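**Student:** Prediction below, plus the sequence it came from.
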Amino acid sequence: MEVKLNNVEIKNLYESIIEFQNNNDLLITLSMKLTKVVKELDSHYQEYMEKLRELRQKYGKKDEDGNLIIKDNRIDFEKGDFEKFIKETKEADNLEVEVKFPVHLKLKDFVDDSGRPLKLNAKISYAIEPIIEM
């Protein structure tokens, strides 16, 4: 199954699947399928996260030692650099990648060991929607 996803969708899918796997006891078949999806997304995810780190380093204000200045859990920017940072971040966010998944996920895969459908929260439901076959 090939799907075109932008970097934000890749990030959400990657992180949501890992969180879902960590917080639920899953049948081995579903767990292995989800692991294969995560493995396929990993290089795209890592590349995107590295791009975001590079942009923070490029545009963020730094102290005399070259460390980013963070105030109230936010990176400080020089005047005008914040707009450049936002523009390039949006470009990175919207970059689309063709991802070829080695497995097909179906809604019927999301069941417990009794065959009852698993409860999916909105975060995982939204994240997996592009890769689920109905």
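**Tutor:** Now that the structure is in, tell me what you want to look at.
**Student:** Show which residues not belonging to stretch 119-134 make contact with it.
**Tutor:** Under the criterion C-beta atoms under 8 Å, 6 or more residues apart in numbering, residues 1, 3, 5, 9, 12-13, 15-17, 19-20, 37, 101, 104-107, 110 lie in contact with stretch 119-134. For the C-beta atoms, the positions are set from N, CA and C on the backbone; glycine is no exception.
**Student:** switch the cut-off to 6 Å
**Tutor:** With contacts defined as C-beta atoms under 6 Å, 6 or more residues apart in numbering, stretch 119-134 is touched by 3, 12-13, 16, 20, 104-107.
**Student:** can you check stretch 97-110 too?
**Tutor:** Residues outside stretch 97-110 that contact it (C-beta under 6 Å, 6+ apart) are 1-5, 30, 33, 36-37, 40, 44, 118, 131-133.
**Student:** which among these end up buried?
**Tutor:** Buried positions within the contacts of stretch 97-110, assessed by neighbour count (16 or more other C-beta atoms under 10 Å), are 5, 30, 33, 37, 40, 44, 131.
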